[in-house]
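A.B. asks: quick one, what's the 3D model for this:
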Amino acid sequence: MDELSRRKMLLTGGALGALGVLGAASPASARPLWSWAASGSVAGAGAGTDPQWMWDDEADQLLGSLLDRGDIPKVNQLLRNWTRNDQPLPDELPRDLKEFMEKARRLPPWVDRAKLETAAKFNKTKGIYVGALYGLGSGLMSTAIPREARAVYYSKGGADMKDRIAKTAKFGYDVGDLDAYQPQGSMIATAVRTRLVHAAVRNLLPKSPGWSGTSGGQKIPISQADVLVTWHSLATFVMRKLLDWDVPVSRAESEAYLHVWQVTAHMLGVHDEYIPATWDAANAQSRQLLDPVLARTDEGVKLTEVLLDIVAELDAGVTRPLVSAFSRYTLGDRIGEMIGLSREPFWQPLISKAWPLLVAFREKLIPLPLVPEAAWAMEEAIRRFVLLFLSEGRPIHLEIPDANRPH
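C.D. replies: Numbering: from 1, shown residues only. Model prediction:
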């Protein structure tokens, strides 16, 4: 294996990855054998190959070449102002990259524009819940996903978590924007650039001794399965929690919210045969991919600490105890213990009692007098966090890395 170049490893990644990981899988990455049926996907059929051994071959080979040629700084500069879906790509881009991006920016043939519009309206009306779940739910859950936590920690982005969080926030902002996939929107540009970032990380991280020593035998990071795990920690988790919180969601809204994330998965390079066609299929896939891999890692705990410190810095009203308590309420004690969230004897009982009442009041299901007065301070703190998390207070540039985290 050591004799192979990075490019050759990526070209033959499926077979070599399988050989390496099957013999060295760690408990943190253990999950059942792949049994999810492709008949439940948007493609309706597929080869049935485990996404654990699938990556993004075309993008990976291209980024390997760009890295070898030293083109990444020039590409980042050229793409700095490429932010709208309808913008032409800069003429000065390397020809092979430009050709790839022109193809990658095309929406799938099965896209439903009406559903995308419904999803945008849904994100607007339910923004307080969705934003809180993205930031204080999915964002912190990511530190309990070993492969994701380690990939973040040892990649270049792990050295500057403020910048990393800003870029994650931009992704959440763009996917929920009213114009997300409209010509004047930004989600196509954001998704294509994220796909390029993933491909660069797949080329770079195998060179990191820190990542290689903790990868559980994985030879190439960010497999199709890993992207789907993150997808479920966002889309599937958010819809599940909305229903748990008794937030009224119509069938049309539910299907539309799923659709915007189906399109997003495709734009990130996930094969259509792995993208769930229904929420039943999504929940079944999540139980196989996400639930079994959640675990504590040293890197995940360190990232949690950094995230909580940054949240506290962003807004004095959003205190660490409140964030820890709300995240425990959202994620549950099991994940809370995995990532080192503190137990908060004051906030936890209050949130458990007050949040359902706030939801019911906001949805006009109960009158105001039934909501405890202290709950409004909690809502205001969470509202401020959501606005900060989803705001574009300064220009945010998704840049392709050309190195790993410095030692």
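
A.B. asks: return the residues in contact with Glu344.
C.D. replies: Pro321, Leu322, Ser324, Ala325, Arg328 (CB atoms under 8 Å, 6 or more residues apart in numbering). Yep, even glycine has a C-beta here, placed from its N, CA and C like the rest.

A.B. asks: keep only those of those residues that are in helices.
C.D. replies: Using DSSP state H, the subset of the contacts of Glu344 located in helices is Pro321, Leu322, Ser324, Ala325, Arg328.

A.B. asks: reformat those as TSV; add pLDDT.
C.D. replies: Shown next, in TSV, are the ones in helices among the contacts of Glu344 (pLDDT from 0 to 100):
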residue	pLDDT
Pro321	87
Leu322	85
Ser324	90
Ala325	91
Arg328	95
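
A.B. asks: which single one of those residues is nearest to Gly213?
C.D. replies: Ser324 (30.0 Å; CB to CB).

A.B. asks: retrieve the pLDDT associated with the residue positioned nearest the centre of the chain.
C.D. replies: Nearest to the mean C-alpha position of the chain, by CA atoms, centre = their mean, lies Thr230 at 4.7 Å. For Thr230, the model assigns a pLDDT of 94.

A.B. asks: then the one 10 residues further on?
C.D. replies: What the model reports for Arg240 is a pLDDT of 98.

A.B. asks: from Arg95, how far out is Asp160?
C.D. replies: For Asp160, the distance to Arg95 (CB to CB, to the nearest Å) stands at 32 Å.

A.B. asks: returning to that earlier point: give me the element the residue nearest to the centre of the chain is part of.
C.D. replies: Using DSSP states H and E, Thr230 sits within helix 224-231.

A.B. asks: just the helices from the stretch 1-150 of the chain, written as ranges.
C.D. replies: For the stretch 1-150 of the chain, applying DSSP state H, counting those that start in this stretch gives helices covering 6-11, 13-22, 57-69, 72-78, 95-104, 113-125, 127-133, 139-141, 146-154.

A.B. asks: so what's the residue count around Ser212?
C.D. replies: Neighbours of Ser212 under the rule other CB atoms under 10 Å: 14.

A.B. asks: and if you look at the one 10 residues further on?
C.D. replies: By other CB under 10 Å, 23 other residues sit near Ile222.

A.B. asks: out of the contacts of Glu344, the closest to Thr49 would be?
C.D. replies: Relative to Thr49, the closest of the contacts of Glu344 is Arg328; by CB to CB it sits at 37.6 Å.

A.B. asks: so Leu341 makes contact with Leu307?
C.D. replies: No: contact between Leu341 and Leu307 fails when scored by CB atoms under 8 Å: they sit 10.5 Å apart.

A.B. asks: need the residues touching each of the two.
C.D. replies: Common neighbours of Leu341 and Leu307 (criterion: CB under 8 Å, 6+ apart): Leu140.

A.B. asks: ok, back up a step: mean pLDDT lowest for which of the helices of the stretch 1-150 of the chain?
C.D. replies: Among the helices of the stretch 1-150 of the chain, helix 13-22 carries the lowest mean pLDDT (a mean of 28).

A.B. asks: identify each buried residue in whichever strand or helix holds Lys241, please.
C.D. replies: Per DSSP H and E: Lys241 is located in helix 237-244. Across helix 237-244, burial judged by 16 or more other CB atoms under 10 Å covers Phe237, Val238, Met239, Arg240, Lys241, Leu242.

A.B. asks: and Leu268, what does it touch?
C.D. replies: Ala191, Thr194, Arg195, His198, Val227 are the contacts of Leu268 under CB under 8 Å, 6+ apart.

A.B. asks: re the thing from before, quick one, which of the ones in helices among the contacts of Glu344 are buried?
C.D. replies: Among these, those buried by neighbour count (16+ other CB under 10 Å) are Pro321, Leu322, Ser324, Ala325, Arg328.

A.B. asks: spatially nearest residue to the first one (excluding sequence neighbours)?
C.D. replies: It stands for Pro321. Taking CB to CB, 6 or more residues apart in numbering, and ignoring the residues beside it in sequence, Pro321 has Glu344 as its nearest neighbour in space, at 4.7 Å.

A.B. asks: do the last one as well
C.D. replies: Closest residue to Arg328 in three dimensions, ignoring its sequence neighbours and counting by CB to CB, 6+ apart: Gly336, at 4.1 Å.

A.B. asks: for the host helix or strand of the one you found, which positions count as buried?
C.D. replies: Assigned by DSSP H and E, Gly336 belongs to helix 333-339. Judged by neighbour count using 16+ other CB under 10 Å, the buried positions of helix 333-339 are Ile335, Gly336, Met338, Ile339.

A.B. asks: with stretch 70-83 instead?
C.D. replies: For stretch 70-83, by 16+ other CB under 10 Å, it's Asp71, Ile72, Val75, Asn76, Leu78, Leu79, Trp82, Thr83.

A.B. asks: what about the residue nearest to the centre of the chain, distance to Pro372?
C.D. replies: 36 Å.

A.B. asks: and for Leu62?
C.D. replies: Leu62 is 56 Å from Pro372, by CB to CB.

A.B. asks: again with Arg362
C.D. replies: On the measure of CB to CB, Arg362 and Pro372 end up 14 Å apart.

A.B. asks: returning to that earlier point: send me the helix holding Gly336 as CSV with only the CA atoms.
C.D. replies: Listed next in CSV are the C-alpha coordinates belonging to helix 333-339 (Å, rounded to 0.1, in the frame of the first residue of the first chain):
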residue,chain,number,x,y,z
ASP,A,333,-27.9,12.4,27.5
ARG,A,334,-26.2,9.6,25.6
ILE,A,335,-24.7,11.9,23.0
GLY,A,336,-24.3,14.7,25.6
GLU,A,337,-22.0,12.4,27.6
MET,A,338,-20.1,11.4,24.4
ILE,A,339,-19.1,14.9,23.6
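
A.B. asks: next SSE downstream of it?
C.D. replies: Once the chain leaves helix 333-339, the next helix or strand it forms, by DSSP H and E, is helix 347-362.
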